[in-house]
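**Q** give me the fold of what follows.
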Amino acid sequence: MALKIKQISLAIVLMLVLILLLVSSCTVPIKPTNEVNPAIKIEQGQDKNLPLKTPAELQKEKEEYLLDQEILKDATANLDSGSCKIMKNTLLQETCYGNLAELKNELDLCDNIADVSTKEGCILVVSTNTLNQDACSKITNREKSNICLKDIAINKSSSELCAKVNEETLADECYSTISIANKDAELCDKIALAEKKITCYSTIGVATNSVPTCQKITSKSNPFAKDICIGKIAVNTKNLSLCGSLKWNDTKNTCIAFTNDAISKAK
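**A** Have a look, this model is predicted:
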């Protein structure tokens, strides 16, 4: 009996030893490393891509910026573009050239601006001020170039120049502004957008009390537009007979009421 117990105990010990050997063989040893976590590197300012400026460098930048601000004020006040050259801050320097180009209407000053968007904005302003349509071609941004032509066309009251605007909305604005300013209903015909064309005819028709101009209005989306235009003329001229010529009963009744009121007030 004692021998049997001893044999069992020995078997248990052997099993435990075998289990320990299996566990130790599956364990991967961890190699020690001296590498620092990149996040810790950045926090410690050790990343070569993030150089830190010294307090002296920061103070120098601040002083240069404040000095450039004073130079900008003096240059603008004295119209002295030469002062812009000595400025250290790029943004303030380009602001200096832009301000003086606009104030002096000197297009060449815009060429000193490196930023394309700022430079073309400068050309747009100076070209418009000087009515220099050829300078608009220097603008590579299509929208700005068309705005340049449109603004010059309006300032020169040139419908021919409106035809060179290659953007429909801006071209419509060009024709509409010139036609209304000159009370030229024929130019309204050149407007592409239906609603803008209606506004053009209506504005000129009412301003000139021209029924024929109102009668040019044709719109399926706004069937009352023609009646409203003629109705306003009826009120302006106190002419009830015009109300009778209207197509729609609602606009006809409104026209009669407002025209009678205008007649009464005139007495």
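**Q** so which elements touch the helix or strand containing residue 205?
**A** Following DSSP states H and E, one finds residue 205 within helix 194-208. Counting contacts by 3 or more Cβ pairs under 8 Å, 6 or more residues apart in numbering; DSSP states H and E, helix 194-208 packs against helix 168-182, helix 211-214, helix 225-237. In short, each C-beta sits where N, CA and C put it, glycine included.
**Q** identify the residues contacting residue 228.
**A** 202, 251 (Cβ atoms under 8 Å, 6 or more residues apart in numbering).
**Q** again, but for residue 233
**A** 205-206, 209-211, 214, 239, 242.
**Q** just the closest of those residues to residue 82, please.
**A** Within the contacts of residue 233, the smallest distance to residue 82 is 54.4 Å, found for residue 206 (Cβ to Cβ).
**Q** need phi/psi at the residue lying closest to residue 194 once chain neighbours are set aside.
**A** Among residues not flanking residue 194 along the chain, residue 219 sits closest, at 5.8 Å (Cβ to Cβ, 6 or more residues apart in numbering). Taking degrees, to the nearest 10, you get phi -150, psi 120 for the backbone angles of residue 219.
**Q** please report the distance of residue 219 from residue 195.
**A** 8 Å (Cβ to Cβ, to the nearest Å).
**Q** does residue 120 touch residue 142 like I think?
**A** No: when contacts are counted by Cβ atoms under 8 Å, residue 120 is not listed as touching residue 142 (10.9 Å).
**Q** what about these two, which has more around it?
**A** Taking other Cβ atoms under 10 Å, residue 120 and residue 142 do not tie; residue 120 has more neighbours (19 against 10).
**Q** what's the helix or strand for that one?
**A** helix 116-130.
**Q** give me the buried positions along the helix or strand following that helix.
**A** Sequence order places helix 142-156 as the next helix or strand after helix 116-130, per DSSP H and E. Neighbour-count burial for helix 142-156, counted by 16 or more other Cβ atoms under 10 Å, picks out 145-154.
**Q** contact partners of the helix or strand that helix 142-156 is followed by?
**A** Counting by DSSP H and E, the next helix or strand C-terminal to helix 142-156 is helix 159-162. Helix 159-162 is contacted by residues 133, 149-150, 152-153, 171, 174-175, 178-179, 187, 190 when judged by Cβ under 8 Å, 6+ apart.
**Q** and the residues you listed, which two are the farthest apart?
**A** 133 and 179 (19.8 Å).
**Q** who has more neighbours out of those two?
**A** residue 179 (24 against 18).
**Q** still on that earlier bit, and the helices and strands packed on helix 194-208, which is most packed in?
**A** Mean neighbour count (mean count of other Cβ atoms under 10 Å) peaks for helix 225-237 among these, with a mean of 21.
**Q** next SSE after that one?
**A** helix 240-244.
**Q** what's that following helix packed up against?
**A** Right, helix 240-244 is packed against helix 225-237, helix 249-266 by 3+ Cβ pairs under 8 Å, 6+ apart.
**Q** and it, what's its mean pLDDT?
**A** Mean pLDDT, computed over helix 240-244, is 96.
**Q** mind listing what's buried along it?
**A** Result for helix 240-244 [16+ other Cβ under 10 Å]: buried residues 242-243.
**Q** what does it contact?
**A** 211, 230-231, 233-234, 252, 255-256, 259-260, 263.
**Q** and which of those is nearest to residue 224?
**A** Closest to residue 224, out of all of the contacts of helix 240-244 and judged by Cβ to Cβ, is residue 231, at 9.3 Å.
**Q** how far away is that closest one from residue 55?
**A** Distance from residue 231 to residue 55, by Cβ to Cβ: 76 Å.
**Q** also residue 259?
**A** 81 Å.
**Q** settle it for me: which of these two has more neighbours?
**A** Legend: neighbour count by other Cβ under 10 Å for residue 259 and residue 55, higher for residue 259 (22 against 7).
**Q** so that one sits against residue 234, correct?
**A** Yes: using Cβ under 8 Å, residue 259 is in contact with residue 234, at 5.0 Å.
**Q** which element is residue 76 on?
**A** Residue-wise, residue 76 maps onto helix 55-78 under DSSP H and E.
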